[in-house]
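Asks: the following block contains a protein sequence and its predicted model.
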Amino acid sequence: MTQAVQPSMVQDFDAVWHNVHVATMQPRHQLEHMAATEAFGALQDAAVAVKDGQIAWVGPKQQLPAFDVLRTPLYD
């Protein structure tokens, strides 16, 4: 069963890209969701969300915050 998401918990993004591979400039020890065996700053199967022309969120696709999928363009 899925849980309902409270409207106040839904993020307001302008666009979301998912199923992407991302290189970050954060050392791997600062990214708690990265496995120790992954290369420096590499995220596989990630997502990137933008708001007002800036990156608002980046991380593993499974941890992507809730957003309005009907109003937000989603790119694969």
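Replies: Perfect, thanks for sending it.
Asks: any low-confidence regions in this protein?
Replies: Filtered on pLDDT under 70, the chain yields the residue ranges 1-7, 26-40.
Asks: contact partners for Asp12?
Replies: By Cβ atoms under 8 Å, 6 or more residues apart in numbering, Asp12 lies in contact with Lys51, Phe67, Asp68. C-beta coordinates here come from the backbone N, C-alpha and C atoms, glycine included.
Asks: buried subset of these?
Replies: Phe67 (16 or more other Cβ atoms under 10 Å).
Asks: filter the contacts of Asp12 down to the ones in strands?
Replies: Mapping the contacts of Asp12 onto strands (DSSP state E) picks out Lys51.
Asks: can you list the contacts of Asp12 in CSV and add distance to Trp57?
Replies: Below are those laid out as CSV (distance: Cβ to Cβ, whole Å):
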residue, distance to Trp57
Lys51, 8
Phe67, 9
Asp68, 14
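Asks: okay, now Leu74: neighbour count?
Replies: The number of residues packed near Leu74 is 13, by other Cβ atoms under 10 Å.
Asks: touching, it and Val20? I think so.
Replies: No: at 11.7 Å, Leu74 does not count as touching Val20 under the criterion of Cβ atoms under 8 Å.
Asks: still on that earlier bit, now, among the contacts of Asp12, which is nearest to Lys61?
Replies: Taking Cβ to Cβ as the measure, Phe67 is the one of those closest to Lys61, at 12.5 Å.
Asks: so Leu70 sits in a strand?
Replies: No: counting by DSSP: H, G, I helix; E, B strand; the rest coil, Leu70 is not found in a strand; it is coil.
Asks: ranges for the helices of the protein?
Replies: Ranges of helices in the chain, per DSSP state H: none exist.
Asks: do a quick rundown of the strands in it.
Replies: Per DSSP E, the chain carries strands over the ranges 15-23, 42-51, 54-60, 74-75.
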